[in-house]
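>>> Next come a sequence and a model predicted from it.
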Amino acid sequence: MPPRSRPICQVCKTEQSKYACSSCRANYCSVVCYKQHKGEGCCPLDPQTTTPPTDPLGDPRPLRPLTALNWPYVPEESAYPDPLKRDDPKPLQLHQYEAIATSPAIRGALTSAPRLVALLTSIDKLRGAEREEALQRALGVDGRQLRSDLLRPQEVDEDTRALRMLAEAVEDAVRGGKDTLGLDWDD
């Protein structure tokens, strides 16, 4: 089958056209012809044949899948791991985030203790050492408090029990139900 021949430029009428005007569909071959065409007064097609602009709110763009967002950020593994950082905490991997998000034990811990969400939100608003101290106090493992309470054990309140249950559920989800270290609460 022979190649299709292109139409002749409607402006200079000598060259084959490579382009078409977006408003009137006139064929042209170059920028010079395009400018001459627009300068002569381009006549757009009649409104009945043109397509109306789409309403941006009426027809939303399809959402991308979550896998396309590259969230959460997981850093690349180094080809040469630093032996001094071997025992440092590792960032969570994607499958661990998914395990946390879909864990029935975590959902159960959050729904069984209505004040737990407010407690976690207030701790999350803090930064640095203040956050660490507040989390330790909420879990009942504050070092200063433990030293002063060695002689008299303290009763653990409901919020502390719920937060500990949540921490154990998160550990279980992250470790996949195996090799759980078990958290020592000194009860």
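Happy to help now that I have it. The shown structure was predicted, so the numbers you read here are calculated from the model rather than taken from an experiment. Residues are numbered from 1 along each chain as shown.
>>> can we go C-alpha only for contacts and neighbour counts from here?
OK.
>>> Output the longest helix belonging to this protein.
helix 158-174 (DSSP state H).
>>> In it, which residues are buried?
159-160, 162-174 (16 or more other CA atoms under 10 Å).
>>> Could I get the full set of helices for this protein?
Going by DSSP H, the chain shows helices at 31-41, 94-102, 104-112, 116-124, 128-139, 143-148, 158-174.
>>> Can you name every helix or strand that the fifth one contacts?
Contacts of helix 128-139 with other secondary structure elements, assessed using 3 or more CA pairs under 8 Å, 6 or more residues apart in numbering; DSSP states H and E, are made with helix 116-124, helix 158-174.
>>> Leu84 is nearest to which of those?
Closest to Leu84 of the helices and strands packed on helix 128-139, according to CA to CA: helix 158-174, at 23.7 Å.
>>> Report the inter-axis angle for that closest one versus helix 116-124.
Here helix 158-174 runs at an angle of 80 degrees relative to helix 116-124 (axes from the mean of the first three to the mean of the last three CA atoms, to 10 degrees).
>>> Turn the helices and strands packed on helix 128-139 into a markdown table, including mean pLDDT.
A markdown table is the format used below for the helices and strands packed on helix 128-139 (pLDDT from 0 to 100):
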| stretch | mean pLDDT |
| --- | --- |
| helix 116-124 | 90 |
| helix 158-174 | 87 |
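>>> for these, which one sits closest to Ser78?
Nearest of the helices and strands packed on helix 128-139 (CA to CA): helix 158-174, 21.8 Å.
>>> C-alpha coordinates for that closest one, PDB please?
What follows is helix 158-174, C-alpha atoms only, in PDB (Å, rounded to 0.1, in the frame of the first residue of the first chain):
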ATOM      1  CA  GLU A 158      -6.900   2.200  81.300                       C
ATOM      2  CA  ASP A 159      -5.200   4.500  78.800                       C
ATOM      3  CA  THR A 160      -1.800   3.000  79.500                       C
ATOM      4  CA  ARG A 161      -3.100  -0.500  79.100                       C
ATOM      5  CA  ALA A 162      -4.800   0.500  75.800                       C
ATOM      6  CA  LEU A 163      -1.600   2.200  74.500                       C
ATOM      7  CA  ARG A 164       0.400  -0.900  75.400                       C
ATOM      8  CA  MET A 165      -2.000  -3.100  73.700                       C
ATOM      9  CA  LEU A 166      -1.700  -0.900  70.600                       C
ATOM     10  CA  ALA A 167       2.100  -1.000  70.700                       C
ATOM     11  CA  GLU A 168       2.100  -4.800  70.900                       C
ATOM     12  CA  ALA A 169      -0.400  -5.000  68.000                       C
ATOM     13  CA  VAL A 170       1.800  -2.700  65.900                       C
ATOM     14  CA  GLU A 171       4.900  -4.800  66.800                       C
ATOM     15  CA  ASP A 172       3.100  -8.000  65.900                       C
ATOM     16  CA  ALA A 173       1.900  -6.500  62.500                       C
ATOM     17  CA  VAL A 174       5.400  -5.200  61.600                       C
END
